[in-house]
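**Student:** predicted model follows, preceded by the sequence.
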Amino acid sequence: MKNKRNVAKQTYYFEKEIHNDCLSCGQDIKHPLCPNCISKAFNLWTKKFPEHKMLKAKLNPLMKHHNHTNAKSKPCVACQKPVHICPLCFTEHLHSLVKEAGLGIRATTQFLFIFNFDFEHTGYSKELEFYGGY
Ligand SMILES: [Zn+2]
Ligand SMILES: [Zn+2]
């Protein structure tokens, strides 16, 4: 916790200039990894499931919406494109898609293990602890 505060202090001044807040939860985007990069990994992971195409189709409107959003934002750490939604909100959305698609507990646990951006352990990682105790 101590370290986190120091990092926040150091980066405060140059972050002030740009719009950093997640459009979904309104929180500062601390780990800017854009939905494009996350969904690339997600689409790769879902390839082994028969629901792959359905998941991709359900994801597309959100991707379009994100990529049409014009705002000064933090650049993605991987591809440098602006990030408007924090990885936690985006993976929470993916999580609900996985559940909706009915991939099963094993797949859901695997998903949570791979795409875990819930660093504060306030969201879906509680579910992960419930399933497998990772
Ligand atoms: Zn968010
Ligand atoms: Zn990216």
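**Tutor:** Looks like it came in fine. Ligands and ions are numbered 1, 2, ... in the order given.
**Student:** buried stuff in stretch 23-32?
**Tutor:** Within stretch 23-32, the residues scored as buried using 16 or more other CB atoms under 10 Å are Leu23, Ile29, Lys30, Pro32. Glycine gets a C-beta too; all of them are placed from N, C-alpha and C.
**Student:** revised request: answer the last question for stretch 82-97.
**Tutor:** Residues of stretch 82-97 classed as buried by neighbour count (16+ other CB under 10 Å): 82-95, 97.
**Student:** cross-check the residues you listed against ligand 1 and keep the overlap.
**Tutor:** Checking the buried residues of stretch 82-97 against ligand 1 by CB under 5 Å from the ion, the ones in range are Cys86, Cys89.
**Student:** now for the buried residues of stretch 23-32: which two are most distant?
**Tutor:** Using CB to CB, the two most remote members of the buried residues of stretch 23-32 are Leu23 and Lys30, lying 15.0 Å apart.
**Student:** need the pLDDT of the spatially most central residue of the chain.
**Tutor:** Centroid-nearest residue in the chain, with CA atoms, centre = their mean: Pro87, separated by 2.4 Å. Predicted confidence (pLDDT) for Pro87: 95.
**Student:** could you check the pLDDT of the spatially closest residue to it that is not a sequence neighbour?
**Tutor:** Using CB to CB, 6 or more residues apart in numbering and skipping residues adjacent in sequence, the residue nearest Pro87 is Phe117, 3.9 Å away. We have a pLDDT of 89 for Phe117.
**Student:** count of residues packed around Phe117?
**Tutor:** 20 (other CB atoms under 10 Å).
**Student:** ok, now how distant is it from His68?
**Tutor:** According to CB to CB, to the nearest Å, Phe117 and His68 sit 23 Å apart.
**Student:** residue ranges of the helices in the chain, please?
**Tutor:** Here the chain has its helices, by DSSP state H, at 2-15, 35-46, 52-67, 87-101, 105-114, 125-131.
**Student:** could you say which of those helices is packed most deeply?
**Tutor:** Greatest average neighbour count among the helices of the chain goes to helix 87-101 (a mean of 21), per mean count of other CB atoms under 10 Å.
**Student:** next, see if that one gets close to ligand 2.
**Tutor:** No - judged by CB under 5 Å from the ion, helix 87-101 makes no contact with ligand 2; its nearest approach is 10.1 Å.
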